[in-house]
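Visitor: Here's a sequence, model it:
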Amino acid sequence: MYRVWRDTHLLLGLFFFVFVVMFGVSSLHFSHRGWFGSEPAETESTVAVDPGQAPTPRELARHLMEEQGYRGGLHDIRDTEGQIRFNISRIGTVHDVRYTRGAREAQVRTRVFPFMNMMTWMHATFGMHHEYAPHNVWGALMFLTSVGLLILGGTGLYLWFELRAERRIGAVLLFGNVVFGAGLIALLWIG
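Guide: Numbering: from 1, shown residues only. As a prediction, this is how the structure comes out:
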């Protein structure tokens, strides 16, 4: 049984290592945004639109996705007196669309964010309720990562307990990590 738990622990650790590093680096970006360049590259463009294909924001977005290749989920829809605004966004890229009903063109401002912003966006993207399928895949991966880390911790505790010679140093490390984690949570709570 020890060998099964050891192999499980090792494989989970190797698989989830990349995700844990990504979360650590993006957490650093969350808390110290000034350390990293975070201004997106912006471009403005005008896109031809057939007014017959834009009776609703959703149909206009579908048209732009098919004709212009914009990818992402539809967000922040505002449909007011003759003006349609929304954005099509995916991790790292946002297309802000402005369209006046009946016009033959739409204004699109595209913002492409730097790598660190993309990592932060990935950190904050969760759930499997998105219109854009890759975001749902990412949400499923994050769920599996969470479950995997719980299993990794559980198998680590089991392996530590089984290695009798390592119990003392393991107890010191475990206690130190619990105190450190509780201290960080307290600092976040206060600050």
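Visitor: Near the nearest residue to P114 once chain neighbours are set aside, how many other residues are there?
Guide: Nearest-residue entry for P114: G37, 5.7 Å, with adjacent residues in sequence omitted and distances by CB to CB, 6 or more residues apart in numbering. Backbone N, C-alpha and C define where each C-beta goes, glycine included. Counted with other CB atoms under 10 Å, the neighbours of G37 add up to 11.
Visitor: G37: what secondary structure?
Guide: What DSSP: H, G, I helix; E, B strand; the rest coil gives for G37 is coil.
Visitor: please begin residue numbering at 159 from this point
Guide: From this message on, residue numbering opens at 159, which makes the last subject G195.
Visitor: Give me the distance between it and G240.
Guide: 38 Å (CB to CB, to the nearest Å).
Visitor: State the distance from the residue nearest to P272 to N275.
Guide: Counting by CB to CB - G195 and N275 are separated by 9 Å.
Visitor: Same question for Q211.
Guide: Counting by CB to CB, the gap from Q211 to N275 is 32 Å.
Visitor: for the residue lying farthest from the centre of the chain, phi and psi?
Guide: When each C-alpha in the chain is compared with the mean C-alpha position (CA atoms, centre = their mean), A323 comes out farthest, at 41.2 Å. Here is the backbone geometry of A323 (degrees, to the nearest 10): phi -70, psi -20.
Visitor: Setting aside sequence neighbours, what's the nearest residue to the residue most central in space within the chain?
Guide: Nearest residue to the geometric centre of the chain (CA atoms, centre = their mean): M280, 1.9 Å. Excluding the flanking residues, the one nearest M280 by CB to CB, 6+ apart is I249, at 5.7 Å.
Visitor: number of nearby residues for that neighbour?
Guide: Count around I249 with other CB under 10 Å applied: 18.
Visitor: And F319, by the same measure?
Guide: 11.
Visitor: elements contacting the helix or strand where it lies?
Guide: Using DSSP states H and E, F319 maps to helix 291-320. Counting contacts by 3 or more CB pairs under 8 Å, 6 or more residues apart in numbering; DSSP states H and E, helix 291-320 packs against helix 160-189, helix 325-348.
Visitor: Check the burial of V336 by counting its neighbours.
Guide: Around V336 there are 10 residues (other CB under 10 Å).
Visitor: cool, and P272?
Guide: P272, neighbours per other CB under 10 Å, totals 16.
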